[in-house]
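In: structure of the sequence below:
(chains A and B)
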Amino acid sequence: MTPLQGCLLVSALLFAIGFAGAVTRRHAIIALVGIELMLNAANLNFIAFWRYGAHPEALTGVMFVIFSIALAAAEAAVGLALIIAIYRHYKTSNLDEVKELKG
Amino acid sequence: MIWIVKNLWLIPALPLFAAGIIAVNKQPARKLAATLAIGSMAIGFLLSLCAFSATLGHHGDGVFREVFSFPWIQFGGQWMDIGWVLDPLTAMMLVMVTFVGMLIFIFSVGYMAHDQNFMRFFCFLALFAAGMLGVIIANNLFLFFVSWEIVGLTSYLLIGFWYHKPSAAAAAKKAFITTRIGDLGLLLGMVWLYAETGTLNFYEGGHGCLEPSALATMLAHVTIGGLAVSSLIGLLIFLGAVGKSGQVPLHVWLPDAMEGPTPVSALIHAATMVAAGVFLVARVYPLMSVGGIIGAHGVPVTTSLTVITWVGAITAIFAASIAVAQNDIKRILAYSTVSQLGYMMMGLGVGGVAVGMFHLITHAFFKALLFLGSGSVIHGCHEEQDVRKMGGLKKYMPVTFAVYAVGMLALAGFPLFFSGFWSKDEILHSAHNWPVSPIPFLLGCTGALFTAFYMTRQVALVFFGSYRGHEEKSAHGHSAPAHSHSSESSHDPHESPAVMTVPLIILAGFAILLGFVGTPAWPWFDGYLTGEEFKFDFSKLTEPGTLGLMVASAAIVFTGLGLGWFLYGKRQRKTVAEKDVLAAAQPFIYQLLENKYFIDEIYEATVIRFNAFAAWLCDFADQWIFGGAVLLVKYLTVGLAWLYRLTDEYFVNLGFDTGCEALREGGGGLSKLHTGRVQAYLRVIGVALVALIIFLIWGRKA
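Out: Below is the predicted model of the structure:
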């Protein structure tokens, strides 16, 4: 097993755990945490492909990941704000009960 | 310019304003209405006297004539002038109309005292006076025509004043429509005159249509049938006069017009309005006489004047003979009026303006007198108009009898002392000298005989003998025995109040006196109208021609009077139902006369039948031909619309609707997928992603 394969495996595992969390958990914050996990799995992939790729001397992967993390921070802020707003509106943070968009 | 010329418009304007004020006032203001109407006529009379005095004293230096014109309306590049003229013809007519009108207004106060619509009556009367005075002062055929039509309108309104009576309503319509036929001729003549001369002003310092230059143009212009334009225009204008003055064949409306209140008959259908036609011919006399061959006695002979003479002569004898066999007191007078109007026309044709107008003026006074007298009789006999049911009124109504006798003698032409003698004699004299044909003279003489006869018959039936009015009442009297005792005396005829008799007496005075202004010895009237020199010359009376004619006409009158008295006065009819003396002797002729030569029936069978047929034809064409076409178009449109609807509903809409339905259902089905739960969406995305990856991996392998 090459280091790259190990990284990808960890990343895939991480993504799967995050996805499972995002899909299955009822609580909005936990679902948000799952989404963050999936994001970080993607970041890990970036780093891995950069580090074991053709041009590790160009700092492309790091750059992208830093941007991504900054974005994730912003996203977390927005997501939490949304959750608070939802909680205020519906008096709950259970995602199963928030189904206003039902067709 | 004299002030009166400038202010001549006041004379018609005053009654016009009076009519307006009466019309807008609240209904029961009887006194106000009568005061306004009579007052406006009185002021008009005073102004007319001023105008009259201004025209006096011009003998020997031509006709006094002042005009006042101003532009009124513009059409195209031309201005239509209106204006008024003051000349002896106008002044004389003004004085006559305002004076007679005033007396008749005063009489009406008494006659209409019990009428519900007293104010309406005076409003119409005043409006009529305004129109008539407008006709007289007009110096413009256009203003003349407008006033002429106002006169026609008020005549219609007043004949139909008691419009709840079907006969009155029918008579009003008949009068209006019949005169309309004549007015069409007048209108055509007016338009043609304008086309020829470019002006409708009568006199305008040399440019008017009755002045030499325009007349010469029209005379030079020969048109259809080799007639000069002036003749044809003259004849068209004369057609208007035929309608208004009740000449044959348009005379039928005038006797029927007697359905109106008696003062109306007196004012409109005896003294003034019907004279408007004669006045019209007198006014356009220069047009009628232009280019004529001057006969031996200085009277021109032209086509138009010949036609006028013949129409007048035929009317004179025709109507006089009908009058012999009538039984309605007013109808006798109506036919007498038609006949006398014929004399006036004949006088204009054979002798010129002065001859015709002299008879017009004298006739206005004595005919107004006779009509008002008959009104007094009718009033006194409780609205009875049938002479057979009168009789012996001399005893009950002495004043009315006296003035009626004066009027009757004047109309009959009793020699020397009554105006009718002098004016009629002048007409007969001129007719005698007429170079074209002696027949009008003979017709005139026969007419004079008839006139004396029927007037004697009427007076004998109404005033002599014994009162026959009770006869019918005693027949019906049994039904109401309770008040037969008290009502018997009130059913007797009674004399009319002073407000009615005083105008009668004044008119009677004039019926006698007016004759003396136009005797052969002192032809003041002739001199006044023509502006020629004249002097008092008693010897003229005894000239062989004049004297012989005077004796002859006196003999005719005495024959008529004697015959009338012999047949009707000496032996009075005893009962209402008794047959007329003439009817017993000559039943066929009497029938013919009593039914007015069946003229109404002939018109009924020809003109009216034709008219009805034309109307039916138009109705038929309208209903079936044009209506059918319209119906066809309608059905075509409806059919097309139906087709469009079907196409729309079953093709366009159906496809569209199906599409919409499918779309809606599809949307509905898809919307079920929307659970609203975010995690479910995420799950789908995850599964899809896995499926995609599997597909990609396997796809590559394959």
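
In: list the buried ones in the longest helix along chain A?
Out: What stands out as the longest helix in chain A, according to DSSP state H, is helix A:60-90. For helix A:60-90, the neighbour count (16 or more other C-beta atoms under 10 Å in any protein chain shown) marks A:Gly61, A:Val65, A:Ser68, A:Ala72, A:Gly79, A:Ile83, A:Ile86 as buried. The C-beta positions use only the backbone N, C-alpha and C, and glycine is treated the same way.

In: which one of the residues you listed is nearest to chain B?
Out: Nearest to chain B out of the buried residues of helix A:60-90 is A:Ile86 (C-beta to the nearest C-beta; 10.5 Å).

In: quick check: pLDDT value at the closest one.
Out: Per-residue pLDDT puts A:Ile86 at 88.

In: for it, which non-adjacent residue is spatially closest?
Out: Nearest in space to A:Ile86, with sequence neighbours left out and distances taken as C-beta to C-beta, 6 or more residues apart in numbering or on different chains, is A:Val98 at 6.0 Å.

In: flag the shaky bits of chain B, pLDDT-wise.
Out: B:1, B:58-62, B:295-297, B:471-491, B:537-538, B:702 (pLDDT under 70).

In: now chain A
Out: For chain A, the ranges with pLDDT under 70 are A:103.

In: which parts of it sit against chain B?
Out: A:19, A:22-24, A:31, A:95-96, A:98-103 (C-beta under 8 Å from any C-beta of the partner chain).

In: before we move on, back to that, give me the phi and psi angles of the residue nearest to A:Ile86.
Out: With angles defined as degrees, to the nearest 10, A:Val98 sits at phi -100, psi 90.

In: what's the answer for the one 3 residues further on, then?
Out: Here is the backbone geometry of A:Leu101 (degrees, to the nearest 10): phi -80, psi 10.

In: pick out the residue closest to the middle of chain B.
Out: Residue closest to the average C-alpha location in chain B (C-alpha atoms, centre = their mean): B:Gly152, at 4.3 Å.

In: return the helix or strand containing that residue as PDB; C-alpha atoms alone will do.
Out: Per DSSP states H and E, B:Gly152 falls inside helix B:141-159. Extracted in PDB, the C-alpha atoms of helix B:141-159 (Å, rounded to 0.1, in the frame of the first residue of the first chain):
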ATOM      1  CA  LEU B 141     -85.900  86.700 -48.700                       C
ATOM      2  CA  PHE B 142     -84.000  84.600 -46.100                       C
ATOM      3  CA  LEU B 143     -85.400  86.500 -43.100                       C
ATOM      4  CA  PHE B 144     -88.700  86.500 -44.900                       C
ATOM      5  CA  PHE B 145     -88.600  82.700 -45.100                       C
ATOM      6  CA  VAL B 146     -87.600  82.200 -41.500                       C
ATOM      7  CA  SER B 147     -90.500  84.400 -40.300                       C
ATOM      8  CA  TRP B 148     -92.800  82.800 -42.800                       C
ATOM      9  CA  GLU B 149     -92.000  79.400 -41.300                       C
ATOM     10  CA  ILE B 150     -92.500  80.700 -37.700                       C
ATOM     11  CA  VAL B 151     -95.900  81.900 -38.900                       C
ATOM     12  CA  GLY B 152     -96.500  78.400 -40.400                       C
ATOM     13  CA  LEU B 153     -95.500  76.800 -37.100                       C
ATOM     14  CA  THR B 154     -97.700  78.900 -34.900                       C
ATOM     15  CA  SER B 155    -100.500  78.400 -37.300                       C
ATOM     16  CA  TYR B 156    -100.000  74.600 -36.800                       C
ATOM     17  CA  LEU B 157     -99.800  75.100 -33.000                       C
ATOM     18  CA  LEU B 158    -102.900  77.200 -32.900                       C
ATOM     19  CA  ILE B 159    -105.100  75.200 -35.200                       C
END
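
In: enumerate the positions of that helix that are buried.
Out: B:141-152, B:154-159.

In: and if you look at stretch B:184-203?
Out: B:185-190, B:192-194, B:196-197, B:199-203.

In: how many residues are close by B:Ile589?
Out: 14 (other C-beta atoms under 10 Å in any protein chain shown).

In: which ones are touching the residue nearest to the centre of chain B?
Out: B:Phe176, B:Thr179, B:Arg180, B:Asp183, B:Lys244 (C-beta atoms under 8 Å, 6 or more residues apart in numbering or on different chains).

In: which residues does the residue of the stretch 51-200 of chain B found nearest chain A form a beta bridge with?
Out: Nearest residue of the stretch 51-200 of chain B to chain A (C-beta to the nearest C-beta) works out as B:Phe75 at 79.3 Å. Bridge pairing for B:Phe75 (DSSP bridges) gives the partners B:Gln78.

In: assumed B:Gln572 was part of a helix.
Out: No - judged by DSSP: H, G, I helix; E, B strand; the rest coil, B:Gln572 forms no part of a helix; its state is coil.
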